[in-house]
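Asks: This is a predicted model, with the sequence first.
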Amino acid sequence: MQSPCDELAFRSGIADDAPQIAELVYAGFESYKDFGPPGWEPPSLDGERGRIAATLAKPTAWCCLAHDGERLVGHVGWLPATDSRVPDDEPGLLHFWQLFIAREWWGGGLATLLHTDAMKAAADQGYRALRLWTPADHGRGRRFYEREGWSLTRDRFEDPVFGMACVEYRRATAGDRSVSRPSLI
């Protein structure tokens, strides 16, 4: 049986992709208003473009993009925790930086596919574990990560840059499911 994801094109993300990625991230952030603190506003789109471009310009960053024709419909990325906004020098630890899917693709398996690719790439490059932060009140996101084997390691903490309470999850790279499609180009 064919999946709608079979029609997508996948490729590595680079700094020049920051404007498209920022648009997708910003749309995702808009949905955070549903559970964020009263009056919360997402970071500025221009600010996101700059942060994403700077992250993807790092030689240690990894990113995968999913396109439906010319339109970006999902992306995932990680970088060593030592290179993240909140550095951690734990050996072999990655920061799972972003996973965003266009709303019309929610529930169709794309997030799982991108997540699996990220886990496989991390393991292939010799990393042993990943951490991520997600909003504490983002039930949909938290359920996804828990289904994918992530464990809560830090309960609610205020992220002053993001402006809302977050939680931290961690996951080992071992034991991932493999996907049967061509590698990234």
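Replies: Received, thanks. Residues are numbered from 1 along each chain as shown.
Asks: Flag the shaky bits of this protein, pLDDT-wise.
Replies: Within the chain, the segments meeting pLDDT under 70 span 1-2, 174-185.
Asks: need the helices for it, in chain order.
Replies: 18-31, 45-56, 110-124, 139-147 (DSSP state H).
Asks: out of the ones you listed, which comes closest to residue 161?
Replies: helix 45-56 (9.8 Å; C-beta to C-beta). C-beta: built from backbone N, CA, C; applies to glycine.
Asks: who does that closest one touch, helix- and strand-wise?
Replies: helix 18-31, strand 71-80 (3 or more C-beta pairs under 8 Å, 6 or more residues apart in numbering; DSSP states H and E).
Asks: With mean neighbour count and distance to residue 75 as added columns, please give the helices of the chain in TSV.
Replies: As requested, the helices of the chain are exported to TSV (neighbours: other C-beta atoms under 10 Å; distance: least, C-beta to C-beta, whole Å):
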stretch	mean neighbour count	distance to residue 75
helix 18-31	18	6
helix 45-56	17	9
helix 110-124	20	7
helix 139-147	15	15
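Asks: could you dump those to CSV with distance to residue 131?
Replies: Formatted as CSV, the helices of the chain follow (distance: least, C-beta to C-beta, whole Å):
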stretch, distance to residue 131
helix 18-31, 19
helix 45-56, 16
helix 110-124, 11
helix 139-147, 11
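Asks: Now for the residue nearest to residue 121 when sequence neighbours are not counted: which residues touch it?
Replies: Ranked by C-beta to C-beta, 6 or more residues apart in numbering and with sequence neighbours excluded, the top spatial neighbour of residue 121 is residue 62, at 5.6 Å. Residue 62 sits next to 12, 77, 78, 79, 118, 121, 122, 125 when contact means C-beta atoms under 8 Å, 6 or more residues apart in numbering.
Asks: again with residue 112
Replies: Applying C-beta under 8 Å, 6+ apart, one finds that residue 112 lies in contact with residue 148.
Asks: any idea how far it is from residue 99?
Replies: Residue 112 sits 10 Å away from residue 99, going by C-beta to C-beta, to the nearest Å.
Asks: right, and residue 56 touches residue 13 too?
Replies: Yes: Residue 56 is within contact range of residue 13, at 6.0 Å (criterion: C-beta atoms under 8 Å).
Asks: Which neighbours do the two have in common?
Replies: Overlap of the contact sets of residue 56 and residue 13 (by C-beta under 8 Å, 6+ apart) consists of 21, 63, 77.
Asks: Relative to residue 38, how far out is the second one?
Replies: The one in question is residue 63. 33 Å.
Asks: So for those two, which residue has more residues nearby?
Replies: More neighbours surround residue 63 than the other of residue 63 and residue 38, with 24 against 5 (other C-beta atoms under 10 Å).
Asks: list the contacts for the nearest residue to that one once chain neighbours are set aside?
Replies: Leaving aside its chain neighbours, residue 63 sits nearest to residue 13 (3.2 Å; criterion: C-beta to C-beta, 6+ apart). Each residue near residue 13 by C-beta under 8 Å, 6+ apart is listed here: 21, 56, 63, 64, 65, 75, 77.
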